[in-house]
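Engineer: how does the following fold in three dimensions:
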Amino acid sequence: MHEEIIFAGFGGQGVLFAGQLLAYTALEEGRHVTWIPSYGPEMRGGTANCTVVVSDEPIGSPVCMHPSIAVVFNNPSLEKYEPLVKPGGLLVVNQSLMVTPPARTDLEIVLIPATEAATEMGQVRVANMILFGALLARQPIVRVETVLAVLQDKLGARKAHLHAINKAALERGAALAQAQPVE
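Structural biologist: Predicted coordinates for the structure are as follows:
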């Protein structure tokens, strides 16, 4: 297995955290991993993205020009990364912040109303975990059980109260993705 994944959105949406969680989980499962963050100088509202490469073999380069998967949290990221995804790849889109629907027909496209679903759950900040759950439902790069164990470890005792909402968000994202037909 060799997957190149880009997570992209605005700063403050948990883009980097989602990518980092995938990277730590893949490491926990014994895979080779790279994680490269990129963000503007703004704390919130600027652009943020990260590239995660997960492989069963050593990784030759962490640079990812044409990802096999893109998880986009907003419309500017959709416009930027949709054209770059390899044909036959996966595009997971936060439909709540989408202005123009994806145009490509050579990708598996999963539209998830992540911001709306997170708001319904009472915590808009878990939209990233909803998208992450949708990603894992369509492309099980890592096991959800491992994600939950790593998440609990990374949250630590001080943020342990957030584990339940994050777990629920992962499950919600998976359910939303599974409800859509695979095209």
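Engineer: C-alpha from now on. contacts and neighbour counts both.
Structural biologist: Noted.
Engineer: the helix or strand where Cys50 lies - contacts with which helices or strands?
Structural biologist: Applying DSSP states H and E as the criterion places Cys50 in strand 47-55. Counting contacts by 3 or more CA pairs under 8 Å, 6 or more residues apart in numbering; DSSP states H and E, strand 47-55 is packed against strand 2-10, helix 15-28, strand 32-39.
Engineer: give the contact list for the residue nearest the centre of the chain.
Structural biologist: When the chain is reduced to its mean C-alpha position, the closest residue under CA atoms, centre = their mean turns out to be Phe132, at 4.2 Å. Applying CA atoms under 8 Å, 6 or more residues apart in numbering to Phe132 gives the contacts 18, 170, 173.
Engineer: before we move on, back to that, which stretch among the helices and strands packed on strand 47-55 is buried most, on average?
Structural biologist: Stretch with highest mean neighbour count among these: strand 2-10 (a mean of 24; mean count of other CA atoms under 10 Å).
Engineer: what lines up beside it in the sheet?
Structural biologist: strand 47-55 (antiparallel), strand 69-72 (parallel) (DSSP bridges).
Engineer: relative to helix 15-28, how tilted is the strand holding Cys50?
Structural biologist: With axes from the mean of the first three to the mean of the last three CA atoms, to 10 degrees applied, the angle from strand 47-55 to helix 15-28 works out at 10 degrees.
Engineer: ok and strand 47-55 relative to strand 32-39, angle-wise?
Structural biologist: Relative orientation of strand 47-55 and strand 32-39, computed by the same axes, to 10 degrees: 170 degrees.
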